[in-house]
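In: Sharing a sequence plus its predicted fold:
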Amino acid sequence: MNFAVLVFPGSNCDIDCYKAVEDTIGQPVDYVWHTETDLSKYDCILVPGGFSYGDYLRCGAIARFAPVMNALVEAAAQGKYVLGICNGFQILTEAGLLPGALLRNNSMKFRCHSALLQVENADTPFTKEYAQGELIDIPIAHGEGNYYCDDATLAELKANNQIVFRYEAGNNPNGSVEDIAGICNKEGNVLGMMPHPERAISEILGSADGRRMFTSILSTWREKHGAAAIG
């Protein structure tokens, strides 16, 4: 299974994503510069966190127009897996691949710490190895992680089971509507989330709960393509 990690000027979690793929599932992974126009080689594309284009204008708004984004939209339409983390989530909403928007944290402060998430949908390519309702420890690091959408969009997200992660009740770090920490598209192959699973792949980092996101992606792909089980 071939993985791509997109790199924009200002990306700073690209190495973390690369190493997470390399260390957890040992699959081929490439850095892909934002000027690339062909992603046909890849089965999963990771859009990492950071400060693409310095967060000028607003987070993700400039990256959304990078040449690679046309190829990313095409890959998503083909059913390939797309995971946008933190700034990557912001880019996916700006590109229209996911609904809603990410606003400034309600505290108006940058929040960087461990966070407990509840798995709201364990039936996606990214979460199949988690239990429904399980609490997992995944760190956050963002200043604009306050997920917002209008009432009609929220109702649609609920109806289609597109809310994948919520912050633990009573511990919402940014004011996001209904504690939303991550959502997917209707088809389930595009996931955006503010917390950083790539920073939770080893207990030495404080949590290994992010590992199962990467093993979930690989096992789902292997089932789809009739490949051998992991191991």
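Out: Good, I have the coordinates. Numbers count the residues shown, from 1 in each chain.

In: for L135, what are its contacts?
Out: L116, L117, Q118, V119, E168 (CB atoms under 8 Å, 6 or more residues apart in numbering). C-beta here means a position set from N, CA and C on the backbone, and glycine is covered the same way.

In: Just these: which are in helices?
Out: Assigned to helices by DSSP state H, none of those qualify.

In: ok, of those, which one's closest to A66?
Out: L117 (28.9 Å; CB to CB).

In: ok, the closest one to L205 distance?
Out: 16 Å (CB to CB, to the nearest Å).

In: Where do the helices of the protein begin and end?
Out: So, for the chain - with DSSP H - the helices run 14-24, 68-77, 87-94, 151-159, 211-225.

In: And P99, how far from A159?
Out: Counting by CB to CB, the gap from P99 to A159 is 13 Å.

In: The two: who's more crowded?
Out: Between P99 and A159, P99 has the larger neighbour count (other CB atoms under 10 Å), namely 19 against 9.

In: From what I see, the more buried one and D150 are in contact.
Out: No - counting by CB atoms under 8 Å, P99 stays clear of D150, with 9.2 Å between them.

In: which stretches of this structure form strands?
Out: Under the criterion DSSP state E, strands of the chain are mapped to 3-7, 29-33, 44-47, 81-85, 101-103, 111-113, 116-119, 135-137, 140-142, 146-148, 163-167, 180-184, 190-193.

In: got the ones you listed as TSV, with mean pLDDT and distance to E129 columns?
Out: What follows is these, written out as TSV (pLDDT from 0 to 100; distance: least, CB to CB, whole Å):
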stretch	mean pLDDT	distance to E129
strand 3-7	98	17
strand 29-33	98	19
strand 44-47	98	15
strand 81-85	98	14
strand 101-103	98	27
strand 111-113	97	25
strand 116-119	98	10
strand 135-137	98	11
strand 140-142	98	21
strand 146-148	98	24
strand 163-167	98	13
strand 180-184	98	16
strand 190-193	98	14
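
In: Please tabulate these in CSV, including the columns distance to Y18.
Out: CSV is the format used below for the strands of the chain (distance: least, CB to CB, whole Å):
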stretch, distance to Y18
strand 3-7, 5
strand 29-33, 6
strand 44-47, 8
strand 81-85, 13
strand 101-103, 24
strand 111-113, 21
strand 116-119, 23
strand 135-137, 22
strand 140-142, 18
strand 146-148, 26
strand 163-167, 23
strand 180-184, 21
strand 190-193, 18
